[in-house]
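>>> quick one: sequence plus predicted model below, questions after.
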Amino acid sequence: MQRTAAVVLALGGAWTLALAPAVAETHTIVMENMRFTPDTLTLRRGDSVVWRNDDLVPHTASAAKVFDSGSIEPGKSWSTVLRKAGSVPYVCTFHPGMKATLTVE
């Protein structure tokens, strides 16, 4: 289900409310200094999330049964689109102390 934006149109002196699909957003999470920044992020179903590795070592972004980036090498990125609402905790499987959460509305 995509977000919608209300658009008001004037037709022959009458005002009409129309619903136009909203544009999905792209959110970037940076992996640097052995952490995800931001470590909490709220987004909407259909939005894209990009993980960019600005660290010196490989990382992953892995959420059980939701997504798994595999190894993201330094200077590289990986993205996914989240379509299901809920709280999604994720971790770097190489560095389990790196934890973060997405909230999908």
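Cool, the structure landed. Residues are numbered from 1 along each chain as shown.

>>> any idea what the residue nearest to the spatial centre of the chain is bridged to?
Residue closest to the average C-alpha location in the chain (CA atoms, centre = their mean): Val49, at 3.0 Å. Beta bridges link Val49 to His27, Thr80, judged by DSSP bridges.

>>> that one and Val30 touch, don't they?
No: using CB atoms under 8 Å as the test, Val49 is too far from Val30 to be in contact (11.7 Å). C-betas here are computed from N, CA, C, even on glycine.

>>> just to revisit the earlier point, model confidence for the residue nearest to the centre of the chain, exactly?
pLDDT, Val49: 98.

>>> list the contacts of it.
Val49 makes contact with Thr26, His27, Thr28, Ile29, Leu41, Leu43, Ser79, Thr80, Val81, Leu82, Leu102 under the criterion CB atoms under 8 Å, 6 or more residues apart in numbering.

>>> looking at the chain, which helix or strand is least sure?
strand 4-11 (a mean of 48; mean pLDDT, DSSP states H and E).

>>> what's the closest of the contacts of Val49 to His95?
Ile29 (14.6 Å; CB to CB).

>>> in the chain, which spans are strands?
Assigned by DSSP state E, the chain shows strands spanning 4-11, 14-21, 26-32, 35-37, 40-43, 48-53, 62-63, 67-68, 77-81, 86-91, 99-104.
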